[in-house]
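Novice: give me a 3D structure for the following:
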Amino acid sequence: MEKSDQLTQELQQIIASLKDYLLVQKEQGVLGYPVHQAPPPPHKASSLEEIRRELGECTRCKLHSHRRHLVFGVGNPEARLVFVGEGPGEDEDLQGKPFVGRAGQLLTNIIKSINLTREEVYITNILKCRPPNNRNPEPDEIKACEPLLMRQLAVIKPRIICALGTFAAQTLLETEEKISSLRGRFFSYRESLLIATFHPAFLLRNPHRKREVWEDMKMIREKYFSEEKFTL
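Specialist: Predicted coordinates for the structure are as follows:
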């Protein structure tokens, strides 16, 4: 007998023996065997909570000496849309939540205008502590806080990111281009689409620019509710 024929015969015998074994097991009431499954990925809410615990009473930059509360982020950990501002203001510093003052009320209305609620999206900032007197973020502060934002976005994995204002847009896009020229179009950002628009606080001072933000929001709404794949 050739070697190949011998191997074929041995394989057939093994298969026959296995069938007999399975038949006996079935007659004894064994209907199946456990299949090893990989553990489920950690829940996004739990992952965000873990990041917040690791952050603790952060002292990574000089802003910690002025703050009342660290402002981490609020909203839906499973959000498809994330809004990123620049940093907390006085009201946010007092309450420990982003966008709760007048600019926050305007942002709430902006979100409603695209048929969503604050509970359906996620809201955070580049900086987690308020700069004194609401001054502009400084490069060393952004550098210290940016990795935290990256971890938040990596957990949430949003389909769309809306950068609110100059510092959010320039930080995320790594550019010095002005917000007026960045807005009005989508950028590919990691696994998301990113669009920049004016910050609500800017709109409170310049209400005539609301029309431009509304045009940006319509672009977000169209992408958000589209059944097609999120692409540029």
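Novice: buried stuff in stretch 116-131?
Specialist: 116, 118, 121-131 (16 or more other Cβ atoms under 10 Å). To be clear about C-beta, it is placed using only N, CA and C from the backbone, and glycine gets the same treatment.
Novice: stretch 102-120 too?
Specialist: Across stretch 102-120, burial judged by 16+ other Cβ under 10 Å covers Ala103, Gly104, Leu106, Leu107, Thr108, Ile110, Ile111, Ile114, Leu116, Arg118.
Novice: distance from the chain centre to it, please.
Specialist: Averaging C-alpha positions (Cα atoms, centre = their mean, to the nearest Å) puts stretch 102-120 17 Å from its chain's average.
Novice: now that stretch: mean pLDDT?
Specialist: Across stretch 102-120, the average pLDDT comes to 97.
Novice: over to stretch 152-162?
Specialist: Stretch 152-162 comes out at a mean pLDDT of 97.
Novice: same check, this time on stretch 124-136
Specialist: 95.
Novice: contact partners of it?
Specialist: Stretch 124-136 is contacted by residues 55, 58, 61, 63-64, 66-68, 70-74, 82-90, 92-93, 98, 137-138, 141-142, 145-146, 148-149, 152, 167-168, 171 when judged by Cβ atoms under 8 Å, 6 or more residues apart in numbering.
Novice: among these, which are located in strands?
Specialist: Among the contacts of stretch 124-136, the residues falling in strands (DSSP state E) are Val74, Val82, Phe83, Val84, Gly85.
Novice: show the buried residues in the contacts of stretch 124-136.
Specialist: Neighbour counting by 16+ other Cβ under 10 Å classes 58, 61, 63, 67, 70-74, 82-89, 92-93, 98, 137, 141-142, 145, 148-149, 152, 167-168, 171 among the contacts of stretch 124-136 as buried.
Novice: show only the entries of those residues found in helices.
Specialist: Among those, the members falling in helices (DSSP state H) are Glu92, Asp93, Glu141, Ile142, Cys145, Leu148, Leu149, Gln152, Phe167, Ala168, Thr171.
Novice: count the neighbours of Arg221 for me.
Specialist: 16 (other Cβ atoms under 10 Å).
Novice: relative to Leu23, how far out is it?
Specialist: As for Arg221, its distance to Leu23 is 60 Å (criterion: Cβ to Cβ, to the nearest Å).
Novice: and if you look at Asn109?
Specialist: Remark: distance between Asn109 and Leu23 (Cβ to Cβ) = 69 Å.
Novice: try Thr8
Specialist: 23 Å.
Novice: how long is stretch 178-197 end to end?
Specialist: Its start and end residues considered, stretch 178-197 measures 11 Å (Cα to Cα, to the nearest Å).
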